[in-house]
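**Q** output the structure for:
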Amino acid sequence: MSGNRVVVYKGPGEVAVETIDYPKLEIPSEVSSKMGIKQNAPHAAILKLVTTNICGSDQHMVRGRTTAPVGQSLGHEITGEVVEIGDDVLFVKEGDICSVPFNIACGRCRMCNEGKTGVCLNVNPARPGAAYGYVDMGGWIGGQAEYVMVPYADFNLLKFPDRDQALEKILDLTMLSDIFPTGYHGAYTAGVTTGSTVYVAGAGPVGLAAAFSAQVLGASAVIVGDMQADRLKQAASFGCETIDLSQEGSLPDKIEQILGVPLVDAAVDAVGFEARGHGANAAEAPATVLNDIMSVTQVGGALGIPGLYVTGDPGAVDENAKVGQIGVQLGTGWAKSLSFTTGQCPVKRYNRKLMNLILAGKANIAKAVNATTISLDEAPQGYREFDQGAARKYVIDPHGMVAK
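**A** Okay, here's the model as predicted:
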């Protein structure tokens, strides 16, 4: 193969599809040179992309709200067919269709051995944890592409047991790389269980996945808050209660109108650092959601925070927010004995069991998040529509393998 078409960041609000070199069984030079690891990667595999999704985390970069450089390759939600393996790959074969956790993990360090694959110690010289196609995450090439290299393939790849069944359910299975485990992680770490009442902030794809996951976990009521009418309609389509945060009124009062009390047992932040205040013309206020979920969660409860918070935001509302310092009312959380779980979802903790739910016909996550297939060339338009609030999860189909 002579080349590989991949989506790249071209500056605030702009992406393009460009041709780069076809991937090799090598890890990025910045990882190998700075961490003393051999660049040759006989433990790796090359995948032909079956599906690859646009994520809200990608949008933060494309909006110019991170330190991503122009030319940054994009895409970390990867499902593909193995087309080449290194000599040390023992249990994955060419032709296997696999889900790729967005966390890149070595499977050998202390964190990986403890199941904390989101903060692997051997894949990023800048900080613990790495991801495909993301700023400050090790320089790994993104997966919104025709082909991608996956290191430590035996550890990272989740093989689907039957090829035909996988292709039949591919729009559900493609969510296993990130948003289904991430949404589930948000709900699970918030303590959602049988009979729980739950508030999910944000009706984007991760918020919808968190709401769906809360139902899977047995919640008695799931309330989703957002400012986009179409996204709230999508949440309502699978049985969620909804709150339009563009309307006046306090969040506890709106919850009380639904539940009879102004508190929930568990809450999830699926918005992150670009949060806005309430009301039709609300300004950006990055601590809004964190303060909201502390205020409406029952004492002794828990908060799941899969929403992204960054240490560098050049477009932030003030100097503190530019370095990740935001006005969180931590005293409220302390006084209420709330617990918090933040950070990248350790996808491998959940993806196999969630795959089993999908294959058993018990988790139609694609319908919940309104999966919408587009071609690789349509990726720039998909980014624009997603940025405008489209109630869709855009799934890129680079090789036309998704059944129409």
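**Q** for the stretch 301-404 of the chain, which segments are assigned as strands?
**A** Ranges of strands within the stretch 301-404 of the chain are 339-341, 371-374, 393-396, based on DSSP state E, counting those that start in this stretch.
**Q** which non-adjacent residue is nearest R127?
**A** Leaving out its chain neighbours, the residue that sits closest to R127 by C-beta to C-beta, 6 or more residues apart in numbering is D136, at 7.0 Å. Every C-beta, even on glycine, is put in place using the N, C-alpha and C of the backbone.
**Q** got phi/psi on the one you found?
**A** The phi/psi pair for D136 (degrees, to the nearest 10) reads phi 60, psi 20.
**Q** check what pLDDT it gets.
**A** Note on D136: pLDDT of 93.
**Q** contacting residues for it?
**A** Residues near D136 by C-beta atoms under 8 Å, 6 or more residues apart in numbering: 66-67, 124, 126-127, 312.
**Q** packed most tightly, which of the strands of the stretch 301-404 of the chain would that be?
**A** strand 393-396 (a mean of 25; mean count of other C-beta atoms under 10 Å).
**Q** got the contact list for that one?
**A** Strand 393-396 has contacts (C-beta under 8 Å, 6+ apart) with 7, 49, 51-54, 75, 144, 171, 174-175, 179, 205, 208, 366, 369-376, 378-379, 382, 385-386, 402.
**Q** doesn't D172 belong to a helix?
**A** Yes: D172: assigned to a helix according to DSSP: H, G, I helix; E, B strand; the rest coil.
**Q** right, and it touches N364 too?
**A** Yes: applying C-beta atoms under 8 Å, one finds D172 in contact with N364, separated by 6.4 Å.
**Q** so these two - more neighbours on which side?
**A** Between D172 and N364, D172 has the larger neighbour count (other C-beta atoms under 10 Å), namely 24 against 16.
**Q** between the strands of the stretch 301-404 of the chain, which gets nearest to D226?
**A** Among the strands of the stretch 301-404 of the chain, the nearest to D226 by C-beta to C-beta is strand 393-396 (14.8 Å).
**Q** note down every partner strand of that closest one and its orientation.
**A** Using DSSP bridges, the strands paired with strand 393-396 are strand 45-53 (antiparallel), strand 371-374 (parallel).
**Q** can I get the ones you listed in a markdown table with mean pLDDT and distance to V119?
**A** Formatted as a markdown table, those follow (pLDDT from 0 to 100; distance: least, C-beta to C-beta, whole Å):
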| stretch | mean pLDDT | distance to V119 |
| --- | --- | --- |
| strand 45-53 | 98 | 23 |
| strand 371-374 | 98 | 29 |
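**Q** ok, which of the ones you listed comes nearest P286?
**A** Short answer: strand 45-53, nearest of those by C-beta to C-beta, at 25.1 Å.
**Q** what are the boundaries of the helices in the stretch 51-200 of the chain?
**A** With DSSP state H, counting those that start in this stretch as the criterion, the stretch 51-200 of the chain has helices at 56-62, 110-113, 153-156, 163-168, 170-173, 179-189.
**Q** for those, which one sits closest to A131?
**A** Nearest to A131 among the helices of the stretch 51-200 of the chain is helix 56-62 (8.4 Å), distances taken as C-beta to C-beta.
**Q** contact partners of the closest one?
**A** For helix 56-62, contacts defined as C-beta under 8 Å, 6+ apart pick out 9, 12-15, 66, 68, 72, 74-76, 133-135, 144, 204-206, 272-274, 308, 310, 383, 386-387.
**Q** could you write me a PyMOL select line covering just the buried ones among those residues?
**A** To isolate the buried ones among the contacts of helix 56-62 in PyMOL, judged by 16 or more other C-beta atoms under 10 Å, type:
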select buried, resi 9+15+66+68+72+74+75+76+133+134+135+144+204+205+206+272+273+274+308+310+383+386
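**Q** got TSV for the strands of the stretch 301-404 of the chain, with distance to K38 too?
**A** Putting those into TSV (distance: least, C-beta to C-beta, whole Å) gives the following:
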stretch	distance to K38
strand 339-341	35
strand 371-374	38
strand 393-396	32
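**Q** one step back: quick check: which of the helices of the stretch 51-200 of the chain is nearest to I326?
**A** With C-beta to C-beta as the measure, helix 56-62 is the member of the helices of the stretch 51-200 of the chain nearest I326 (14.8 Å).
**Q** if I pick G143, what's in contact with it?
**A** 49, 52, 75-78, 80, 100, 132-133.
**Q** if we go to 6 Å?
**A** Applying C-beta atoms under 6 Å, 6 or more residues apart in numbering to G143 gives the contacts 52, 75, 78, 132.
**Q** likewise for L176?
**A** L176 is in contact with 99, 351, 354-355, counting by C-beta under 6 Å, 6+ apart.
**Q** out of the residues you listed, who's nearest V299?
**A** L354 (30.9 Å).
**Q** so what's the predicted local confidence for the closest one?
**A** With respect to pLDDT, L354 has a value of 98.
**Q** any idea where the strands of the stretch 1-150 of the chain begin and end?
**A** Counting by DSSP E, counting those that start in this stretch, the strands of the stretch 1-150 of the chain are 4-11, 14-20, 45-53, 77-85, 97-100, 147-150.
**Q** let's have those in TSV, adding distance to C240.
**A** Below are the strands of the stretch 1-150 of the chain laid out as TSV (distance: least, C-beta to C-beta, whole Å):
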stretch	distance to C240
strand 4-11	31
strand 14-20	31
strand 45-53	21
strand 77-85	23
strand 97-100	26
strand 147-150	34
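**Q** closest to I258 out of the ones you listed?
**A** strand 45-53 (31.1 Å).
**Q** residues contacting that closest one, please?
**A** Strand 45-53 is contacted by residues 23, 75, 77-85, 89, 92, 143-144, 146-150, 153, 170, 174, 395-396, 398, 401 when judged by C-beta under 6 Å, 6+ apart.
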